[in-house]
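Peer 1: A structural model of the following input is requested.
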Amino acid sequence: MSIPQQGGGPVETKAQLVEYLESGCKPKDDWRIGTEHEKFGYCKDTLKPLPFEGEKSIHAILSGLRDRFGWAPVEESGHLIGLEKDGANVSLEPGGQLELSGAPLETIHGTCDEVNDHLAQVKAVADDIGVGFIGLGAAPHWTHDEMPLMPKGRYKLMDGYMQKVGTLGTQMMRRTCTVQVNLDFASEADMVQKLRVALALQPVATALFGNSPFFEGKPNGHKSWRARIWRDLDPARTGMLPFVFQDGFGFEAWVDYALDVPMYFVYRDGKYIDALGQSFRDFMVGKLPALPGETPTMGDWADHLTTLFPEARIKKFLEMRGADGGPWRRLCALPAFWVGLEYDQTALDAAWDVAKGWDAETRDALRVAASVDGMEANVGDMSMRDLAALCVDIAEAGLKARARPGAGGLIPDETHFLNALKETVASGRAPADELLGRYQGDWNGDVTRVFKEYAY
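Peer 2: Now for the predicted structure:
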């Protein structure tokens, strides 16, 4: 979840909101890659989730990173709830999932180095206090009551509201993890093409990265339970967004969509003010019940945009949101997949050619099938495995065309970061399939074996 935004001047017209999104347009030479990944922390002796405070806790991890590795603290109401350093930040998801929001970097080589450094730092602190971390899309056996709610005002408000607008919202908050990548766009037209590709092909990423076949100690019937959760959370702010594929879509249409999404909060003087279900349109004319007479700042708009949760979304950049959290190799594979598809025009055109003939029903069917059957999914005459193979091939061609070398020029491009996905395509088995095989085989139905064999 995002850190609250501050200031930005008053908002008086809808045109300002459109201009805010437009201001994210950048020339291609300035495009960057921002990778975010979440992971579950647990006590090694009990295999229970970490509380916020105590000897083995989230606070102990954050304090250790601050004191040993020079991260600057981020506090809310006297609580240490995040860290900042060199354009990156470490933050907390509602159930204590630890998230690295990486700095905007030029290459996947750079973002993978960042991931390595971060995980090494976390492991150094965690090992000293008997804590471990694991990358999965959903908590394998913890119940809702076992998951602590982090002391952030935003989460306290969301926790109650989620129970009113969907059946699985609190599961998303406390018991899921993802890996995401944030990408840039050059113009409104570039944003439109990239967002359409991102939404249409997000189910392919869900299938390739499916890694949450367990929930509350047993198989749940899905390859990505995390993706299943997002299908029954809050229809006002989730989904595949059919309007994005309509003629005339652009920044203004996104603003209209965002204005119609009910608000969560307004952040003032270090506190979250309850605006649940209220209207940003009312806010703009001084009629927000939570703050009567006040009008929003651009920081309020930036905050509101973080409360939209579709499969892909735009702010001043584009966010890919369809993949489960997972093992190290896939933390680098996710940006490789999307950068390959979207940062080379020939690849982007090829990706759009794959999806441009699909209607809204087909895109929704792919989303459902990806969460249930993963790489084994079929929609009509389309095989997910064949579709994934085609997309990975396009991404590889895109990365070759980018030709961004690493290791001082010894590595000619970024294509090797796709190796994990190429293996999945060749075998037809994503991480969820491997986990289920182990569960049904040498684990003898013991889900907790995942901690010993798959922790970072």
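Peer 1: all contacts plus neighbour counts: C-alpha atoms, from now on.
Peer 2: Fine.
Peer 1: Phi, psi for the residue nearest to residue 312 when sequence neighbours are not counted please.
Peer 2: Once flanking residues are discounted, residue 312 sits nearest to residue 320: 4.9 Å by CA to CA, 6 or more residues apart in numbering. Dihedral pair for residue 320: phi -100, psi 120, per degrees, to the nearest 10.
Peer 1: and if you look at residue 379?
Peer 2: Torsion angles, degrees, to the nearest 10, at residue 379: phi -130, psi 110.
Peer 1: How about the contacts made by it?
Peer 2: Applying CA atoms under 8 Å, 6 or more residues apart in numbering, we find residue 379 in contact with 362, 365-366, 369.
Peer 1: Restricted to buried residues, select those residues in PyMOL.
Peer 2: In PyMOL, a selection of the buried entries from the contacts of residue 379 looks like this (16 or more other CA atoms under 10 Å):
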select buried, resi 366+369
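Peer 1: Out of the contacts of residue 379, name the ones that lie in strands.
Peer 2: With DSSP state E as the criterion, strands contain none of these.
Peer 1: Of the contacts of residue 379, which is the nearest to residue 388?
Peer 2: Distances from residue 388 to the contacts of residue 379, taken as CA to CA, are shortest for residue 366 (11.8 Å).
Peer 1: from what I can see the closest one touches residue 206, true?
Peer 2: No: counting by CA atoms under 8 Å, residue 206 is not a contact partner of residue 366; they are 9.8 Å apart.
Peer 1: Columns distance to residue 74 on top of the contacts of residue 379, output as a markdown table?
Peer 2: Converted to a markdown table, these look like this (distance: CA to CA, whole Å):
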| residue | distance to residue 74 |
| --- | --- |
| 362 | 43 |
| 365 | 41 |
| 366 | 40 |
| 369 | 40 |
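Peer 1: from the contacts of residue 379, which single one is nearest residue 415?
Peer 2: Using CA to CA, these come closest to residue 415 at residue 366, 26.3 Å.
Peer 1: which residue sits closest to that closest one in space, ignoring its chain neighbours?
Peer 2: Excluding the flanking residues, the one nearest residue 366 by CA to CA, 6+ apart is residue 203, at 5.9 Å.
Peer 1: what about that neighbour, distance to residue 312?
Peer 2: When distance is defined by CA to CA, to the nearest Å, residue 203 is 11 Å away from residue 312.
Peer 1: Over to residue 78?
Peer 2: Taking CA to CA, one finds residue 78 at 34 Å from residue 312.
Peer 1: quick one: which of those two has more around it?
Peer 2: Set side by side, residue 78 and residue 312 show more neighbours around residue 312, with 26 against 8, by other CA atoms under 10 Å.
Peer 1: By residue count, which strand of this protein is the longest?
Peer 2: Of all segments of type strand in the chain, defined using DSSP E, the longest is strand 33-43.
Peer 1: hey, C-alpha coordinates of that one in PDB?
Peer 2: Provided in PDB are the C-alpha atoms of strand 33-43 (Å, rounded to 0.1, in the frame of the first residue of the first chain):
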ATOM      1  CA  ILE A  33      11.400   0.300 -14.200                       C
ATOM      2  CA  GLY A  34      10.000   0.200 -10.700                       C
ATOM      3  CA  THR A  35       9.600  -3.200  -9.100                       C
ATOM      4  CA  GLU A  36       7.500  -3.900  -6.000                       C
ATOM      5  CA  HIS A  37       7.400  -7.100  -4.100                       C
ATOM      6  CA  GLU A  38       5.700  -8.300  -0.900                       C
ATOM      7  CA  LYS A  39       6.600 -11.300   1.300                       C
ATOM      8  CA  PHE A  40       5.300 -12.900   4.500                       C
ATOM      9  CA  GLY A  41       7.400 -12.800   7.600                       C
ATOM     10  CA  TYR A  42       7.100 -15.600  10.200                       C
ATOM     11  CA  CYS A  43       8.600 -16.900  13.400                       C
END
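Peer 1: Now do that strand, average pLDDT.
Peer 2: Across strand 33-43, the average pLDDT comes to 98.
Peer 1: Please work out which residues outside it touch it.
Peer 2: By CA under 8 Å, 6+ apart, strand 33-43 touches 48-50, 56, 58, 96-108, 111, 130-136, 139, 177-184, 325, 331, 335, 339.
Peer 1: Any regions of the stretch 1-150 of the chain where pLDDT drops low?
Peer 2: Counting by pLDDT under 70, the stretch 1-150 of the chain shows low-confidence ranges at 1-7.
Peer 1: now the helices for it?
Peer 2: With helices called from DSSP state H, counting those that start in this stretch, the stretch 1-150 of the chain shows them at 14-22, 58-69, 108-129.
Peer 1: before we move on, what about the stretch 151-300 of the chain?
Peer 2: In the stretch 151-300 of the chain, helices defined by DSSP H, counting those that start in this stretch lie at 153-165, 169-175, 188-208, 225-230, 251-260, 280-284, 298-305, listed in chain order.
Peer 1: With only the CA atoms kept, save the longest one in PDB.
Peer 2: Translated: helix 188-208. Backbone C-alpha positions of helix 188-208 (Å, rounded to 0.1, in the frame of the first residue of the first chain) are rendered in PDB as follows:
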ATOM      1  CA  GLU A 188      -1.700   9.600 -24.100                       C
ATOM      2  CA  ALA A 189      -1.800   7.300 -27.100                       C
ATOM      3  CA  ASP A 190       1.200   5.300 -25.700                       C
ATOM      4  CA  MET A 191      -0.600   5.000 -22.400                       C
ATOM      5  CA  VAL A 192      -3.700   3.800 -24.000                       C
ATOM      6  CA  GLN A 193      -2.000   1.100 -26.000                       C
ATOM      7  CA  LYS A 194       0.100   0.000 -23.000                       C
ATOM      8  CA  LEU A 195      -2.900  -0.100 -20.600                       C
ATOM      9  CA  ARG A 196      -5.000  -2.100 -23.000                       C
ATOM     10  CA  VAL A 197      -2.200  -4.700 -23.500                       C
ATOM     11  CA  ALA A 198      -1.600  -4.700 -19.700                       C
ATOM     12  CA  LEU A 199      -5.300  -5.400 -18.900                       C
ATOM     13  CA  ALA A 200      -5.900  -7.900 -21.700                       C
ATOM     14  CA  LEU A 201      -2.800  -9.900 -21.000                       C
ATOM     15  CA  GLN A 202      -2.800  -9.700 -17.200                       C
ATOM     16  CA  PRO A 203      -4.400 -13.100 -16.900                       C
ATOM     17  CA  VAL A 204      -1.300 -14.500 -18.700                       C
ATOM     18  CA  ALA A 205       0.900 -13.100 -15.900                       C
ATOM     19  CA  THR A 206      -1.600 -14.500 -13.300                       C
ATOM     20  CA  ALA A 207      -1.100 -18.000 -14.900                       C
ATOM     21  CA  LEU A 208       2.700 -17.800 -15.300                       C
END
